[in-house]
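Student: coordinates only, sequence not included:
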């Protein structure tokens, strides 16, 4: 932006976690330890009202236009936007911005491209085609597009929270199809009791395992328990705290099973690599 000579200033506002009853650092929905805190999260957003108003008053020169998204209702409330709109379907064009022609595109398109494949859900693909009255092109699983590029599979998504060389060195040391991979996706949050119960079951299983635990799930109690778990399981376990390169893991020859929350990407990646799944669709904590 500096190179483009645009006069842009960023103003950081502290997120009011404590005031809204949120744990410190929960500044987006992905970090909420429980779905029960979603209301608190939006309460925190509403608490921005005074800070935003004060910052706007302090700006010199005063702003002539505000661009706001649906996550912050302050602007709509303060400027009574709903009261001034005469037609809720009126289209407003902004010079320099492309018009939103989603409805036109949907009406004129020849079909829909989807990240799935016909053999995995033929009834639903055919039913969807019938409902929309258009073609449906199933081009998935897209996770296979770089199946021969191991480095690309490791780098997909976020940065791995573990040294790839160490992780895949451990996988190479395991027998083929012997490792149970355990991961419940990026949005599912488990409480302490669930983590300890799952860990105890994994320990009792007697199989080598690769277990992904998100940073947000690590309370002092969990961290203390994990120390003992990793000591007892040092010969047949690998624990990743944070983001895991899942596509690369599931394609490794030593992985023989996947305990999953059944997210669509996880399901496609497992099916694509022929990895059997143990499915748990309702582990999202509510406390």
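Tutor: Received the coordinates, thanks. Worth saying up front: this structure is predicted, and the values here are computed from it rather than measured.
Student: Spatially, which residue comes closest to residue 113, not counting chain neighbours?
Tutor: Counting by C-beta to C-beta, 6 or more residues apart in numbering, the nearest residue to residue 113 once its immediate chain neighbours are dropped is residue 137, at 4.9 Å. The way it works is simple: take the backbone N, C-alpha and C, and place the C-beta from them, glycine included.
Student: again with residue 184
Tutor: Distance criterion C-beta to C-beta, 6+ apart; nearest residue to residue 184, sequence neighbours excluded, is residue 261 at 4.2 Å.
Student: mind listing what the residue nearest to residue 113 touches?
Tutor: 111, 112, 113, 114 (C-beta atoms under 8 Å, 6 or more residues apart in numbering).
Student: which SS class is it?
Tutor: Following DSSP: H, G, I helix; E, B strand; the rest coil, we place residue 137 in the strand state.
Student: picking that back up, would you mind measuring from the residue nearest to residue 184 to residue 214?
Tutor: Residue 261 sits 12 Å away from residue 214, going by C-beta to C-beta, to the nearest Å.
Student: Of the contacts of residue 137, which pair is most distant in space?
Tutor: Within those, 111 and 114 form the most distant pair, 9.6 Å apart (C-beta to C-beta).
Student: Now for the two: what residues contact both?
Tutor: With C-beta under 8 Å, 6+ apart as the test, residue 111 and residue 114 both reach 136, 137.
Student: Compare the two (neighbour count), which wins?
Tutor: The neighbour comparison of residue 111 against residue 114 (other C-beta atoms under 10 Å) goes to residue 114, with 15 against 12.
Student: Quick check: nearest residue in space to that one, chain neighbours excluded?
Tutor: Residue nearest to residue 114 in three dimensions, not counting chain neighbours: residue 138, with 5.6 Å by C-beta to C-beta, 6+ apart.
Student: That neighbour and residue 111: what is the separation?
Tutor: According to C-beta to C-beta, residue 138 and residue 111 sit 11 Å apart.
Student: Quick check, the residue nearest to residue 184 in contact with residue 190.
Tutor: No - counting by C-beta atoms under 8 Å, residue 261 does not reach residue 190; the two are 9.9 Å apart.
Student: Let me see the contact set for residue 37.
Tutor: 21, 22, 26.
Student: 10 Å - rerun?
Tutor: Neighbouring residues of residue 37 by C-beta atoms under 10 Å, 6 or more residues apart in numbering: 20, 21, 22, 23, 26, 29, 31, 43, 44, 189.
Student: Can you tell me which of the residues you listed end up in helices?
Tutor: Using DSSP state H, the subset of the contacts of residue 37 located in helices is 43, 44.
Student: hmm, which two among the contacts of residue 37 are most spread apart?
Tutor: Spatially, the most separated pair among those is 43 and 189, at 18.6 Å (C-beta to C-beta).
Student: Now find how far off-centre stretch 93-100 is within its chain.
Tutor: 30 Å (C-alpha atoms, centre = their mean, to the nearest Å).
Student: neighbours around residue 252, how many?
Tutor: Neighbourhood size, residue 252 [other C-beta under 10 Å]: 21.
Student: Can you pull out the low-pLDDT segments for this structure?
Tutor: For the chain, the stretches with pLDDT under 70 are 1-4, 100, 146-161, 216-217, 281-287.
Student: any chance you could map the strands in it?
Tutor: For the chain, strands defined by DSSP state E occupy the ranges 111-114, 135-138, 179-183, 209-213, 237-241, 255-260, 277-279.
Student: need those strands in TSV with distance to residue 59, can you?
Tutor: Converted to TSV, these look like this (distance: least, C-beta to C-beta, whole Å):
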stretch	distance to residue 59
strand 111-114	44
strand 135-138	49
strand 179-183	45
strand 209-213	44
strand 237-241	42
strand 255-260	49
strand 277-279	52
